[in-house]
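J.: Everything below, folded, please.
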Amino acid sequence: MSEPISMAKAFLGERIQANMSDVNTFLQHTISKSGSVETMVRTIRQFNGEESVIASTSQALKNMQDNLARMQHQSDKMLESLQNVPAIRRSLEACTAPAAGPAGSAS
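T.: Next comes the predicted model:
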C-alpha cells in the first residue's frame, strides 16, 4: 500500500519540477520579448489594475442580482396582495351597505 503512495509522491515531485521549469522558461521568454523589465512591470501593474476593476464589477453585478431578486420577491408579494383587493372590496361594501329593514315595516 505504501508503494503506490511513494510512487504518487515521486510523480508529484517530478510534475512540480517540470512545472517550475516551464514557468522559468516562460518568464525568461517574457522578459526577453518585453524589451525591458520596466515594460513588463508596467504591464503587470496595468493587469493588476484591470483585475481590481473586474473584481469590483463582479461584486457590483452580484449586488445588482441580489437587488433584482429582492425586487422580484416584493413584486410577487404585491401581486398576491392585489389579488385580494376584490374580496376586500366586497367585504367592505357588505359592511357599509344600508341594511334592508324588515319587510312591511312602517317608517
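J.: and whatever helix or strand residue 12 lives in, what does it pack onto?
T.: Residue 12 belongs to helix 2-34 when assigned by DSSP states H and E. Packing partners of helix 2-34 (3 or more Cβ pairs under 8 Å, 6 or more residues apart in numbering; DSSP states H and E): helix 37-96. For the C-beta atoms, the positions are set from N, CA and C on the backbone; glycine is no exception.
J.: Relative to the whole chain's centre, how far out is the helix it packs on?
T.: 10 Å (Cα atoms, centre = their mean, to the nearest Å).
J.: Counting by contacts, list what that helix packs against.
T.: Counting by 3+ Cβ pairs under 8 Å, 6+ apart, helix 37-96 packs on helix 2-34.
J.: got the angle for the helix it packs on vs helix 37-96?
T.: Here helix 2-34 points in a direction 110 degrees away from that of helix 37-96 (axes from the mean of the first three to the mean of the last three Cα atoms, to 10 degrees).
J.: Great, nothing more from me.
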